[in-house]
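only geometry, no sequence info:
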Ligand SMILES: [Ca+2]
Ligand SMILES: [Ca+2]
């Protein structure tokens, strides 16, 4: 029905539209909060490249000294100290969320909120097997991002040092609370299809 090049173009167009909309996940709640929430699944493992997920914000003011950034991570993993997790702001500034914490335990970060207001730092938390650490302070403070321009692409980065245990990153929410937005704008999240994994 279509010529071969046209057919390829249409398939690509549909794929691009699909990717743009399926993984779009930033919600702006006027006047002060923006939330990225993406629950697609990516694998995390020693034999893979680092697992990376991107959240793009726009229309926000520079983060003031009272702005609050938090990130909640759902990581299924059977040996959590294999994993290092980092968060990058759009200008490339990063903090380490967890530097190989959680020992040999399973699923201790499967829903953990990283927040500067938690009572215990991830480095001194008493992890238990199959018990989610509800909230912890990250290795480096999230307040590091104060004074930064939050607009652009944030990156959530996980790497796994060792075999044989692997896992899955199931969901990430990144919340930015600051001054009123300049404008409210729905934007889209894009991730390479190859980053996804079938379960
Ligand atoms: Ca284990
Ligand atoms: Ca591993």
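Done, it's in. Since this is a predicted model, take the numbers as computed values, not measurements. Ligands and ions are numbered 1, 2, ... in the order given.

so which residues of this protein form strands?
26-29, 33-38, 42-44, 51-57, 68-77, 83-88, 94-99, 110-114, 135-136, 152-160, 167-177 (DSSP state E).

point out the most buried one among those strands.
Sort the strands of the chain by mean neighbour count, taking mean count of other Cβ atoms under 10 Å, and strand 83-88 sits at the top with a mean of 23. (Glycine included, C-beta is placed from N, CA and C.)

outside of that one, which residues touch it?
Residues outside strand 83-88 that contact it (Cβ atoms under 8 Å, 6 or more residues apart in numbering): 44, 71, 73, 75, 77, 94-100, 102, 109, 114, 138, 142, 154-161, 167, 174.

among those, which ones lie close to ligand 2?
When Cβ under 5 Å from the ion is applied, the members of these adjacent to ligand 2 are residue 160.

rewinding a little: mean pLDDT and distance to residue 121 added to the strands of the chain, as CSV?
As requested, those are exported to CSV (pLDDT from 0 to 100; distance: least, Cβ to Cβ, whole Å):
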stretch, mean pLDDT, distance to residue 121
strand 26-29, 80, 29
strand 33-38, 94, 24
strand 42-44, 97, 22
strand 51-57, 96, 23
strand 68-77, 98, 15
strand 83-88, 98, 14
strand 94-99, 98, 10
strand 110-114, 98, 10
strand 135-136, 98, 7
strand 152-160, 97, 19
strand 167-177, 97, 20
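
possible to save those strands as JSON lines with distance to residue 127?
Listed next are those as JSON lines, based on distance: least, Cβ to Cβ, whole Å:
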{"stretch": "strand 26-29", "distance to residue 127": "31"}
{"stretch": "strand 33-38", "distance to residue 127": "25"}
{"stretch": "strand 42-44", "distance to residue 127": "17"}
{"stretch": "strand 51-57", "distance to residue 127": "21"}
{"stretch": "strand 68-77", "distance to residue 127": "12"}
{"stretch": "strand 83-88", "distance to residue 127": "13"}
{"stretch": "strand 94-99", "distance to residue 127": "11"}
{"stretch": "strand 110-114", "distance to residue 127": "10"}
{"stretch": "strand 135-136", "distance to residue 127": "10"}
{"stretch": "strand 152-160", "distance to residue 127": "17"}
{"stretch": "strand 167-177", "distance to residue 127": "15"}
